[in-house]
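J.: A structural model of the following input is requested.
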Amino acid sequence: YAQSHQHPANRFCHTLGIPLIAVSLPLFVVAFFVPGWWVVPLAMFVAGWILQFVGHVFEGKPPEFFHDWRFLLVGLRWWWAKIRGRA
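T.: Down below sits the predicted model:
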């Protein structure tokens, strides 16, 4: 994972995009109970994925999850370590 995420722009995009995606998922559940509010988690989800792919354009490498879906969870773990100062 670390080898595919060396470029500073890619790391920055992931630092913003991963939490947007992660937070949007439980918000979809909340939006189910709040009419018309679904657009908020949808916008967060889409913006997060756009940031992910823009980062990989800078990196010049495809996302790792194209090869193995488990890397979706590795990205979240990387972000969690980063905000805790361990990445």
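J.: can you tell me which helix in this protein is longest?
T.: Assignment by DSSP state H gives helix 8-33 as the longest helix of the chain.
J.: Excluding sequence neighbours, find me the nearest residue to G60.
T.: Sequence neighbours aside, H7 is the residue nearest to G60 in space, at 7.8 Å (criterion: CB to CB, 6 or more residues apart in numbering). For every residue, glycine as well, the C-beta is placed using N, CA and C.
J.: Would you check how far apart the one you found and F33 are?
T.: In this view, H7 and F33 are 40 Å apart by CB to CB, to the nearest Å.
J.: quick one: which of these two has more around it?
T.: H7 (16 against 7; other CB atoms under 10 Å).
J.: Identify the residues contacting stretch 14-28?
T.: Applying CB atoms under 8 Å, 6 or more residues apart in numbering, the contact partners of stretch 14-28 are 5, 38, 40-42, 44-45, 47-52, 55, 75-76, 78-79, 82.
J.: Quick check: buried residues in that stretch?
T.: H14, T15, G17, I18, P19, L20, I21, A22, S24, L27 (16 or more other CB atoms under 10 Å).
J.: Same question for stretch 66-73.
T.: For stretch 66-73, by 16+ other CB under 10 Å, it's F71.
J.: for stretch 35-51, same thing?
T.: So for stretch 35-51, counting by 16+ other CB under 10 Å, buried means P41, M44, F45, G48, L51.
J.: quick revisit: quick one: average confidence on the longest helix of the chain?
T.: Mean pLDDT, helix 8-33: 93.
J.: now that helix, how far from the centre of its chain.
T.: 6 Å (CA atoms, centre = their mean, to the nearest Å).
J.: quick one: furthest residue from the center of this protein?
T.: Going by CA atoms, centre = their mean, the residue of the chain most distant from its centre is P35, 25.8 Å out.
J.: Tell me who's in contact with it.
T.: Contacts of P35 by CB under 8 Å, 6+ apart: none found.
J.: change the start of the numbering to 3 and stick with it
T.: Sounds good: first residue 3 from here, last item P37.
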